[in-house]
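Visitor: Everything below, folded, please.
(2 chains)
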Amino acid sequence: MRLAFFTVLLMVTIVLAQQPTAQQTGVLRLRVRVKADDAAPLKGLARKRFFLIPGTLEQNRALVTTIEQQPLTTRDCYYKQHHASAQLINWLQEGDCESVYCRSIENEFVTGPKAVPEFANAFAANHTEFGNDVIALQWLTNYLSPDLRDGFYKDRQRLLQTLLKQSGMIQSVMTDQKGSAYFTDLGPGTYVISNVLPAELGQTLVTWNCEVHIKPEDLATEKPYLISNRKDKTVKCVGIEKPKPTCAAD
Amino acid sequence: MKTITTDKKIRLYLCLSVALLLPVDYTKFSHSTPKHRAACNTCHKVPSKDWTKTSSFPDITDYPSHDACVSCHRPQFFRSARPPICSVCHSKTSPRDEVRYAFRNPASKLQFATEFPHDKHQDAIAMLRFAHPPQGYNNCTICHGPRTATFKAAPTDHGSCFNCHWKSQEPVAANCNGCHKLASAPYVRAQPVRISAKFIHDGGGDKKQHVAECTTCHINITKSTSLRGLKPDVPITACTECHNKVGTREDLNKELLSIDKNRSFTCVYCHAEKVGSLDPPASHYLIAERAPLKRKDVK
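Guide: Reported below is the predicted structural model:
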């Protein structure tokens, strides 16, 4: 009887010992600080998405090369190519917006001297349907042409998906107003941190592709991993800058 | 080919007999019934005919018309003076009374889970440029308005969705399934757990230093592709960068020291009593640059 009890106990112990233990994970605290040009102050790079690609730089060499060499249509060029009015391009530039969803569209951009023709047309289309000024303004983007509504975002998403389709499990986070972001629940190992699509910074395009090592004991309390387009002893990843390409629509 | 044993056959017949004998409860409506899984617009029309009576924007504001039910349930419809099936929508089951429950009936359990990719929305909106309104930029407050002095509210209607998703931008209003997925079982929405119950989003002293871009503290939002498993994760560093600076204020250090002196001390600066009387997590001791300690080990 006693032997049977100990045998069962031993088996339970062995089974429990073989259960996979929860893998310890780490955190990468990112801070991106850039200069638009030499005279400009160092500022946090807000609202830019960064990706963490599993593997070393060498293992991701083909992808990194593609990222660095791919042609990119800048924001302004995209909207010019799709025949956006000068007023719409100006409205986007004023707010450093990539799409019409970035800012609330106020009445002054529908009628009057600051009016954007595309907004005025969309407002009119909605008004015809519901006859309500408030709804016509609030729902205005529903009545814009697809190219101007979300075409730029969709183009970039397609490009991202094409580039990253063979890169396994990728995490991505967006920097906040101060240029900070956190990658959490990271398995220990080596990753390439990249913005994949170059960031438009003044008259240049900046791409970052750097190797980072994550240890399970890396926590949110760690010193930030500093990324910049300027070299400094505290900067761990310096971006590659290229001049913005000329736009065929100019 | 597999043969079914006699024993299994008997059990199968028994189950079928019981199922056939049990009366169907027509007072309960389930979207998971095979025939109720048709395209949403088979029954629901967007917008409802009389949406202006109850809504400030075109929306589904009412139950489907009788046609949606009668097409299959004619016998149940005309069964008696007070057909049970009517009580799915009507608060009074009488042919002379049209009054209905609010749509959707807040007393009923939810049958659909909402899919919402925060990451995609973060790409398009959710920007905070200035600490003071009006800032003119779309941000999280489109959906998460203030509810109380402390926490933000989650959307409960289509108001913030249809601004962009009424038509053209998928998932559009008529594509209910783009956002609403049938849940495996009816459920009641769980309220989020509050850890630091005393935090005030609009607070932070005279300078309102808590007013920041939401993702500065809610660090996992920009990577969340779905609502499943989403927690409002805020690392303690988000708090202690101001609240535990040696020489200025040491709110965390002070409370940890109080535990050192009295193991029953309740941390009250951030937490309500229930959470404040637990062992502080290791992250709190790490910030204080001390080894983690359990209350039971305090001498």
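Visitor: helix/strand/coil for B:Asn212?
Guide: Careful, residue B:212 is Ala; it's not Asn. Here B:Ala212 is recorded as coil under DSSP: H, G, I helix; E, B strand; the rest coil.
Visitor: Would you quantify the distance from it to A:Thr56?
Guide: According to CB to CB, to the nearest Å, B:Ala212 and A:Thr56 sit 35 Å apart. C-betas here are computed from N, CA, C, even on glycine.
Visitor: between the two, which one's more packed in?
Guide: Counted by other CB atoms under 10 Å in any protein chain shown, B:Ala212 and A:Thr56 do not tie: B:Ala212 has more neighbours, with 17 against 14.
Visitor: shouldn't the more buried one be in contact with B:Asn139?
Guide: No. Using CB atoms under 8 Å, B:Ala212 makes no contact with B:Asn139, being 11.1 Å away.
Visitor: Okay, and the beta partners of the residue nearest the centre of chain A?
Guide: The centre of chain A sits closest to A:Arg49, judged by CA atoms, centre = their mean, with a distance of 1.8 Å. Note on A:Arg49: beta-bridge partners A:Met174, judged by DSSP bridges.
Visitor: can you tell me how far A:Arg230 sits from chain B?
Guide: Distance, A:Arg230 to chain B, using CB to the nearest CB, to the nearest Å: 23 Å.
Visitor: Nearest spatial neighbour of that residue, chain-adjacent residues omitted?
Guide: Leaving aside its chain neighbours, A:Arg230 sits nearest to A:Lys35 (5.5 Å; criterion: CB to CB, 6 or more residues apart in numbering or on different chains).
Visitor: The residue nearest to the centre of chain A against A:Met174, yeah?
Guide: Yes. Shown here, A:Arg49 and A:Met174 form a contact pair, counting by CB under 8 Å, at 4.8 Å.
Visitor: Next up, the contacts around A:Leu42.
Guide: Applying CB atoms under 8 Å, 6 or more residues apart in numbering or on different chains to A:Leu42 gives the contacts A:Arg33, A:Val34, A:Lys35, A:Ser228, A:Arg230.
Visitor: which SSE is the last one in?
Guide: I take that to be A:Arg230. Of the helices and strands defined by DSSP states H and E, none includes A:Arg230.
Visitor: And for it, the neighbour number?
Guide: Using other CB under 10 Å, A:Arg230 has 13 other residues around it.
Visitor: wait, isn't it in contact with A:Val34?
Guide: Yes. A:Arg230 is within contact range of A:Val34, at 7.5 Å (criterion: CB under 8 Å).
Visitor: how close does A:Leu205 get to chain B?
Guide: A:Leu205 is 19 Å from chain B, where distance means CB to the nearest CB.
Visitor: what's in contact with the helix or strand harbouring that residue?
Guide: Element membership for A:Leu205, per DSSP H and E: strand A:204-207. The contact list for strand A:204-207, computed with CB under 8 Å, 6+ apart, reads A:34, A:67-68, A:72, A:74, A:194-195, A:198-199, A:229, A:239-245.
Visitor: So which of those residues are in helices?
Guide: If you go by DSSP state H, the contacts of strand A:204-207 have A:Ile67, A:Glu68 in helices.
Visitor: Make a ChimeraX selection of whichever of the contacts of strand A:204-207 turn out to be buried.
Guide: The buried subset of the contacts of strand A:204-207, as determined by 16 or more other CB atoms under 10 Å in any protein chain shown, is captured in ChimeraX by this line:
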select /A:34,67,72,194,195,198,199,229,239,241,244
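Visitor: Just checking the distance from the longest strand seen in chain B to the centre of its chain.
Guide: Longest strand in chain B, counting residues (DSSP state E): strand B:180-187. Centre-to-centre, strand B:180-187 and its host chain are 12 Å apart (CA atoms, centre = their mean, to the nearest Å).
Visitor: pLDDT of it, averaged?
Guide: Strand B:180-187 carries an average pLDDT of 94.
Visitor: Partner strands of it, with direction?
Guide: Here strand B:180-187 has these sheet partners by DSSP bridges: strand B:110-114 (antiparallel).
Visitor: And the strand it pairs with, what's buried?
Guide: So, applying 16+ other CB under 10 Å, buried residues of strand B:110-114: B:Gln111, B:Phe112, B:Ala113.
Visitor: what's the offset of it from the middle of its chain?
Guide: Chain-centre distance of strand B:110-114: 9 Å, with CA atoms, centre = their mean.
Visitor: Pull the residues that contact it.
Guide: Strand B:110-114 is contacted from outside by B:30-32, B:179-183, B:186-189, B:227-228, using CB under 8 Å, 6+ apart.
Visitor: so after it, what's the next helix or strand?
Guide: helix B:118-124.
Visitor: Quickly check: that next one near chain A or not.
Guide: Yes. Helix B:118-124 lies within reach of chain A by CB under 8 Å from any CB of the partner chain, at B:Asp119, B:Gln122, B:Asp123, B:Ala124.
Visitor: Leaving aside the residues adjacent along the chain, what's closest to the last one?
Guide: In space, B:Ala124 comes closest to A:Tyr101 once its chain neighbours are excluded; the distance is 4.1 Å by CB to CB, 6+ apart.
Visitor: Which residue ranges make up the domains of chain A?
Guide: A:26-72+A:168-243, A:76-149 (automatic domain parsing).
Visitor: Would you format those as a markdown table with distance to B:Cys69 and mean pLDDT included?
Guide: Shown next, in a markdown table, are the domains of chain A (distance: least, CB to CB, whole Å; pLDDT from 0 to 100):
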| stretch | distance to B:Cys69 | mean pLDDT |
| --- | --- | --- |
| domain A:26-72+A:168-243 | 46 | 92 |
| domain A:76-149 | 29 | 95 |
